[in-house]
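Undergrad: Task: produce atomic coordinates for the following.
(one chain, ligands or ions: 2)
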Amino acid sequence: MKVIADLHTHSRYAMACSSAITIKGMESTALEKGINLVSTGDFTHGSWLAEIKRDLEDPDGTGLFNLKGSNSGVKFILGVEVSTVFNNTPTTVKKVHHCILLPSIEHADAVRDALSKYGAMDSDGRPTLSMSPAEMVENVRSVTKDAVVFPAHAWTPFFGVFGAFSGFDSMEEAYQDQAQHIHALEMGLSSDSPMNWRISKLDKYTLLGNSDMHSLPKMGREANVMEIDERHLDYRTLADIINHKDAGRMVKNIEFYPEEGKYHFDGHRNCNVSVNPDTSTIEKCPVCGKRLVIGVLHRVNDFADRPPGTVPHGSVPYVHAVPLMEVIAYVMGKTAYSRVVADTYTSMVSALGPEFEILLDIPPDRIAKVAGDDIAKAIINVREEKIGITPGYNGVFGVLDLLNRKKGKMHNFVRQRGISDFTG
Ligand SMILES: [Zn+2]
Ligand SMILES: [Zn+2]
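TA: Ligands and ions are numbered 1, 2, ... in the order given. I've put the predicted structure just below:
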């Protein structure tokens, strides 16, 4: 069966997250999106872990959970994101985010206990731990060797394992003797598979894309499609696919256009300065003189030992997608949070099926009948990579032009399929 998995989420107990996130709400959202495996997020947080225990069950001991009494088909996996902070040298502090997956509530209790010696568990769903990445992996693996650990949004400047400001230059440098236990990395919104394919030393890692959602509508903005025999839909199989870069069962990455991510280009938000590292070498803001925030493309270029367009052997296919809410908002000229956008979303999903089917599979004429020609055309343009994007930088999301209304104007770039370059 096809499993669409989002392995990095947050609860309402994580900093800056929506108070509307509940386990029940996550199940409903997963159904609308077409996601059938979703991380609980935040299992180290006492209040959220209590809700996990109250609302979820694993009746067959598979290591995957369902909402108690529900046969919707949506499975949950115990997951958390943690932040390690430590002095790499007496004067440099390294802050890195990591995701952890576990197979049972007992293990979640034990990992919470083990990590609580290094930081407060209950102040933030994404706990900050005073320890090195290697110490964190060692602690988690002392609870269970079945734990899966991978760096979160690996390239982002401030908390990515390879990020410009707090990152390292290799997995080995970051995870030391524990690097042998890291088998995957989360690409983050600002990088995609083709960018990561340019780096030969990443070939052995499973590339993951997850939402890192802070509110329910963002669930699945990136996701991983796996093909798993229904009889073996369990934690062990999932860990096996991730740990062995099983391109036979890991069949597709559903990804953001990396230019839409908020750290794609270099730049300085306060001065509205956005810099394309492919065509410019400036590292100081031309307006205020401060150091630019070095983005993801820049770091990938630093690491890359292959030209853009390289497709390594054994790589998993990918598709770029734009969340349906954003497509509707763009066409209507509204924000993604407005009422009319939410209503249109709901009516499309109830008439046509889950969001991922609408975005990726359903023929345009069927979409047009329900939602009109412009929305159908915008979805087709996204599928065919014929959209304009003003790339994101320094925390500012990229701006999409799905119907190419602004064609020819400054800062509007038209993507070309499979190439990370832009043409005016
Ligand atoms: Zn993070
Ligand atoms: Zn500036």
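Undergrad: pLDDT below threshold where in this structure?
TA: 408-424 (pLDDT under 70).
Undergrad: If we use 90, what do you get?
TA: 88-91, 166, 245-248, 281, 283, 404-424 (pLDDT under 90).
Undergrad: what residues does it put near ligand 1?
TA: His97, Ala152 (C-beta under 5 Å from the ion). Where C-beta positions appear, they are placed from N, C-alpha and C, glycine not excepted.
Undergrad: for the chain, what spans make up the helices?
TA: 23-33, 46-55, 105-115, 133-143, 171-175, 193-196, 235-243, 296-303, 324-332, 339-352, 355-360, 364-371, 373-383 (DSSP state H).
Undergrad: Out of the ones you listed, which gets nearest to His268?
TA: Taking C-beta to C-beta, helix 296-303 is the member of these nearest to His268, at 13.5 Å.
Undergrad: Other residues contacting the closest one?
TA: 155-157, 160, 162-164, 167, 169, 188, 190-191, 195-196, 198-199, 201, 258, 261, 263-266, 276-278, 420 (C-beta atoms under 8 Å, 6 or more residues apart in numbering).
Undergrad: buried residues in that helix?
TA: Within helix 296-303, the residues that count as buried by 16 or more other C-beta atoms under 10 Å are Val296, Leu297, His298, Arg299, Val300, Phe303.
Undergrad: Over to stretch 338-357?
TA: Under the neighbour-count rule (16+ other C-beta under 10 Å), stretch 338-357 has Val341, Ala342, Thr344, Tyr345, Met348, Val349, Leu352, Pro354, Glu355, Phe356 buried.
Undergrad: returning to that earlier point: any idea which of the buried residues of helix 296-303 is closest to ligand 2?
TA: For the buried residues of helix 296-303, the closest approach to ligand 2 (C-beta to the ion) belongs to His298, at 16.5 Å.
Undergrad: gap between the closest one and ligand 1?
TA: 19 Å (C-beta to the ion, to the nearest Å).
Undergrad: residue contacts, His244?
TA: Contacts of His244 by C-beta under 8 Å, 6+ apart are His183.
Undergrad: begin at 11 from here
TA: In the new count, where the first residue is 11, that last one comes out as His254.
Undergrad: Dihedrals phi and psi, it?
TA: phi -110, psi 20 (degrees, to the nearest 10).
Undergrad: Quick one: neighbours of the nearest residue to Ala174 once chain neighbours are set aside, just the number.
TA: What sits nearest to Ala174 in space, not counting adjacent residues and going by C-beta to C-beta, 6 or more residues apart in numbering, is Ile304, at 3.5 Å. Using other C-beta atoms under 10 Å, Ile304 has 22 neighbouring residues.
Undergrad: Thr247 now?
TA: There are 20 residues near Thr247, going by other C-beta under 10 Å.
Undergrad: ok, now the one 3 residues further on?
TA: Here the count is done by other C-beta under 10 Å, and Asp250 has 15 residues near it.
Undergrad: In this structure it contacts Asp256, no?
TA: Yes - contact criterion C-beta atoms under 8 Å: Asp250 and Asp256 qualify, at 6.9 Å.
Undergrad: So which residue is smack in the middle of this protein?
TA: Centroid-nearest residue in the chain, with C-alpha atoms, centre = their mean: Asn220, separated by 2.9 Å.
Undergrad: and the contacts of helix 306-313, which are buried?
TA: 165-167, 170, 172-174, 177, 198, 200-201, 205-206, 208-209, 268, 271, 273-276, 286-287, 430.
Undergrad: so which of those are also by ligand 2?
TA: Applying C-beta under 5 Å from the ion to those, none is adjacent to ligand 2.
Undergrad: Who are the contact partners of Lys344?
TA: Lys344 sits next to Val350, Val351 when contact means C-beta under 8 Å, 6+ apart.
Undergrad: any idea how far Asp353 is from it?
TA: 11 Å (C-beta to C-beta, to the nearest Å).
Undergrad: next one: Ser200
TA: From Ser200 to Asp353 the distance is 31 Å (C-beta to C-beta).
Undergrad: next one: Lys416
TA: 27 Å.
Undergrad: Over to Tyr185?
TA: 47 Å.
Undergrad: does Leu139 have beta-bridge partners, and which?
TA: With DSSP bridges applied, the residues forming beta bridges to Leu139 are Thr94.
Undergrad: Report the contact partners of it.
TA: Neighbouring residues of Leu139 by C-beta under 8 Å, 6+ apart: Val92, Ser93, Thr94, Val95, Leu125, Tyr128, Gly129, Met146.
Undergrad: Please work out how many residues are found near whatever residue of the stretch 211-360 of the chain ends up closest to ligand 1.
TA: Distance from ligand 1 to each residue of the stretch 211-360 of the chain (C-beta to the ion) is smallest for Asp222, at 6.1 Å. Applying other C-beta under 10 Å, we find 25 other residues in the vicinity of Asp222.
Undergrad: I figured it was touching His20, is that so?
TA: Yes - using C-beta under 8 Å, Asp222 makes contact with His20 at a distance of 7.3 Å.
Undergrad: who touches both of these two?
TA: What both Asp222 and His20 touch, as defined by C-beta under 8 Å, 6+ apart, is the set Glu91.
Undergrad: which bits of this structure sit near ligand 2?
TA: His278, Cys281, Cys295, Val297, Cys298.
Undergrad: and the residue in the chain that ligand 1 sits nearest to, what does it touch?
TA: Closest residue of the chain to ligand 1, C-beta to the ion: His107 (3.5 Å). Residues in contact with His107 (C-beta under 8 Å, 6+ apart) are Glu91, Val92, Ser93, Arg136, Pro161, Ala162, His163, Phe169, Gly170.
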